[in-house]
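Asks: sharing a model prediction with you, sequence too.
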Amino acid sequence: MSRSLNHSSNKIVDVLIEDIPLKSDYPLYSFSVPVELEDEIDVGKRVFVPFGKGNRLKKGIVVNISEGRGDNLKNIFGLVSKYKIIDENGLRVLFKLKDKYYIPINSLLKKFIPLGKSKKGEEFIVLKDGYENKIKENEKRKIDCVNFILENDGSIKLNTLKKFFSTNLIKNLENRGIIEKIYKIEKEREITKKDYKNISLTKEEIKIPDKLIISGLNYVERWKYYVKKLDDVIKSGNKAKVIFPERIYVDDFYDFLPDEIKKFTYKVTGEFGKKIREDLFQGIEDGYVKLIIGTAFSLLLPLNEKLIIIDMEDRFRNVEELLNVNIYEIVSDYIERSDKKVIFGAYFPSLNLTLKAKRENIEIKKERLHLKNIKIIYNREDLLITPEIKNVINKNKDKKIFIFYPRKGYFTYFLCDECGYVEKCPNDGVPLTYFSEKNKLVCKICGFEKNLFDFCPVCGGITMKFTSPGTERVKERIKKIYKDRNVYQLDESITGGSKKKREEIEKEFMQKGDIIVGTNMILPLLRKVNDFIFVFLNIDFVLNFPEYDSFENVFYLIIRVLEESEIKNSKVFIQTKFPKNIIFESLNQKNPYLFLNEELKRRKESKFPPYAKYITIENFDLSYTESLKKIKDNEDEIYFEDNVVKIKTKNIDRYKEIFDKIKFNSRIIIKEF
């Protein structure tokens, strides 16, 4: 299909351009609708549009349709796909999140909408009728251009033409009516519609409150409950979504489903291809997709579902860091003004959800946590490996042993023993880590490398030394103690970000490994092992991170491992210098609410969420420093550290003008309940 200009209908559309440099808050542009597309256009569909002075072909999403003549507007050129990828409700949520959290709308699109690779549209240059009479004999270079197009059958890709002729020359020929730009759009792929037998329906309504929390059940027990509810939903003629924080659980839950539900189900993550995506949208349109299971990437798909299940709600904290917002708020905004119902499931709900449940009187289906497979070991002498942990490893030669150690490398710090100077990365300001294989100091963020040196650059001292061992050092120590064991290491310093390398290490450990030392990267392996031993060798390092929610992070990290240990009949050991910490006290007493109550009390005293909004601005433009100080209220607190700013406030609106100006070049992270 190819188009240049077309006769317009009486419809005007506002289009959200998907991929342009962000210079404004609303990358929305209005276009007229050609007559031939009048019946096909709809909110939530993707379209090709001419963009900018050069009418470059761009893709966008229709967000609004109005009646009116668009005589002075450019026409859209065609549909990227005939299917809606999001509905009005989903778009409303995205724009609401954008306004509240100062997140550029295009960033939200990439997190929530399955754009992926899709039908292509390309710009071509063709010769117009009568071109021979419009070009002069002395315009040799322009004649060469015309002849070049003729040699290519009178039509050539614009990008190809630009390789041989200047943009100004091409523009001159276009303005004089010698050539014109047309657009050729790839033909829609034919999809074979699936022939599903109709399911026998019951007329019973789904007996679930608008919001429900499932607490105290491990995920296998929760999944059994979900399957019953999903069966009810589908048999009542409705649809549902089940959302997980990680893809691995999407695959596991799909395998857990009975066959009679699987045949109506699609898995949706950020990694699915063009064919699967188009089949999915065809299935949504035809009505044979009754259930979508996926990551947050699939939450806003236009399924018109009745029930949404958010499982492992406490583990969406990683997603929150990426989106700057929490999953509870996204879902609450999404089900607003609808009859949708939502179930939040977690072994133990997040601090945020627990507080929301109390404030909003949300119903909780609660079971008491057993927490019987955990032991706290007091590291009174500050040893790397206490005798108690050595004894645990000695007694469990027939089991796979996981050792969690949250620091990469051989040693974490290279410092002067006389003045305390720590060698840091000149780019990122973080301490350089020593890696024995390279025999160099390396930045874990940007990869900057530096050779070792003997003299302190600050005081001239000669006692530069290593401190704070990392995973590489721990692995070496364990191999020396347990020479008959196969010991592996798994962290980013080993994999280098390579998925293939990570899978190779995991496979080898599962086949012949005894002990694995690593960071959070070892956690997914717990699903594959029964009767394991898990050791938190240095949980105190994470506990003492300089962030207000470090205790919360440690608590839910332990809860995640305990949930897996209950399912797999395994044991968990925590080595710590602070056994009286409220986290460990609450776990010993099998009452997690002790921790939550104490944590809320501490935050209230320190003016942290939920009692104030906590804002971190990364890559802050220092020219706005004085403006921030002038806006600051007496109760507000602002801290500056290099190009990072942290703000505690109860009224974020007073900073709106500055945030609007910096949000395209800075990362604004707003935390609140």
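Replies: All right, it came through fine.

Asks: all strands of the stretch 351-500 of the chain, in order?
Replies: Ranges of strands in the stretch 351-500 of the chain, per DSSP state E, counting those that start in this stretch, are 363-366, 374-378, 401-404, 411-416, 433-435, 440-442, 449-450, 464-469, 487-490.

Asks: can you list contacts of the shortest one?
Replies: The contact list for strand 449-450, computed with CB atoms under 8 Å, 6 or more residues apart in numbering, reads 423, 432, 438, 440-443. For every residue, glycine as well, the C-beta is placed using N, CA and C.

Asks: change it to 10 Å
Replies: Contacts with strand 449-450, where a contact means CB atoms under 10 Å, 6 or more residues apart in numbering, come from 414, 423, 425-426, 432, 435, 438, 440-443.

Asks: a markdown table for the residues you listed, including neighbour count and pLDDT?
Replies: Shown next, in a markdown table, are the contacts of strand 449-450 (neighbours: other CB atoms under 10 Å; pLDDT from 0 to 100):
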| residue | neighbour count | pLDDT |
| --- | --- | --- |
| 414 | 22 | 72 |
| 423 | 19 | 80 |
| 425 | 20 | 79 |
| 426 | 11 | 79 |
| 432 | 24 | 76 |
| 435 | 19 | 71 |
| 438 | 12 | 74 |
| 440 | 15 | 81 |
| 441 | 24 | 80 |
| 442 | 19 | 79 |
| 443 | 19 | 75 |
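
Asks: which residues of the stretch 1-150 of the chain score low on pLDDT?
Replies: The model of the stretch 1-150 of the chain has pLDDT under 70 over residues 1-9, 21-26, 115-119.

Asks: mind listing the helices for it?
Replies: With DSSP state H, counting those that start in this stretch, the ranges of helices along the stretch 1-150 of the chain come out as 88-101, 105-112, 140-151.

Asks: contacts for stretch 625-637, please.
Replies: Contacts with stretch 625-637, where a contact means CB under 10 Å, 6+ apart, come from 606-607, 612-614, 617, 620, 624, 638, 640, 645-652, 654-658, 661.

Asks: mind listing what residue 46 touches?
Replies: Contact partners of residue 46, counting by CB under 10 Å, 6+ apart, are 15-16, 18, 59-62, 79-86, 113, 115, 118-119.

Asks: can you say which of the residues you listed are buried?
Replies: 15-16, 18, 59-62, 79-81, 83-86, 113, 115, 118-119 (16 or more other CB atoms under 10 Å).

Asks: can you tell me which of the residues you listed are in strands?
Replies: Judged by DSSP state E, the buried ones among the contacts of residue 46 include 15-16, 59-62, 79-81, 83-84 as members of strands.

Asks: which residue of the protein sits farthest from its center?
Replies: For the chain, the largest distance from the centre (CA atoms, centre = their mean) belongs to residue 137, which lies 59.5 Å off.

Asks: number of nearby residues for residue 498?
Replies: Each residue near residue 498 was counted by other CB atoms under 10 Å, and the total is 12.

Asks: surely it meets residue 504?
Replies: Yes. Residue 498 is within contact range of residue 504, at 8.8 Å (criterion: CB atoms under 10 Å).

Asks: sorry, back to before: nearest to residue 577, of the helices of the stretch 1-150 of the chain?
Replies: When the helices of the stretch 1-150 of the chain are compared by CB to CB, helix 88-101 sits nearest residue 577, at 37.6 Å.

Asks: mind listing what's buried along the closest one?
Replies: For helix 88-101, the neighbour count (16+ other CB under 10 Å) marks 89-94, 96-98, 101 as buried.

Asks: tell me the secondary structure for the closest residue to residue 301 other than its chain neighbours?
Replies: Counting by CB to CB, 6 or more residues apart in numbering, residue 292 is the residue found nearest to residue 301 once chain neighbours are left out, at 6.1 Å. What DSSP: H, G, I helix; E, B strand; the rest coil gives for residue 292 is strand.

Asks: check contacts around residue 292.
Replies: Neighbouring residues of residue 292 by CB under 10 Å, 6+ apart: 239-243, 250, 264-268, 280, 283-284, 298-299, 301, 303, 305, 308.

Asks: just the ones in strands from these, please.
Replies: 240-243, 265-268, 308.

Asks: for residue 134, see how far away residue 143 is.
Replies: Going from residue 143 to residue 134 by CB to CB, to the nearest Å gives 12 Å.

Asks: ugh, wrong one, residue 317
Replies: Relative to residue 134, residue 317 is positioned 65 Å away (CB to CB).

Asks: the more surrounded of these two?
Replies: For residue 317 and residue 134, the more surrounded residue by other CB under 10 Å is residue 317, and the numbers stand at 19 against 13.

Asks: that's a strand at that one, yeah?
Replies: No. Read with three-state DSSP, residue 317 is helix and lies in no strand.

Asks: residue 559 looks like it's in a helix, true?
Replies: Yes. Using three-state DSSP, the assignment for residue 559 is a helix.

Asks: can I assume it is in contact with residue 371?
Replies: Yes. Here residue 559 reaches residue 371: they are 9.2 Å apart, a contact under CB under 10 Å.

Asks: list residues touching both of those two?
Replies: Contact criterion CB under 10 Å, 6+ apart; residues shared by residue 559 and residue 371: 348, 587, 592.

Asks: got phi/psi on the first one?
Replies: It refers to residue 348. phi -150, psi 120 (degrees, to the nearest 10).

Asks: now do the contacts for it.
Replies: Counted by CB under 10 Å, 6+ apart, residue 348 has contacts 215-216, 313-314, 354, 366, 369, 371, 555-556, 559-560, 562-563, 592-593, 595-596.

Asks: buried subset of those residues, written for ChimeraX?
Replies: Burial among those is assessed by 16+ other CB under 10 Å; the matching ChimeraX selection reads:
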select :215,216,313,314,354,369,371,555,556,559,560,562,563,592,595,596
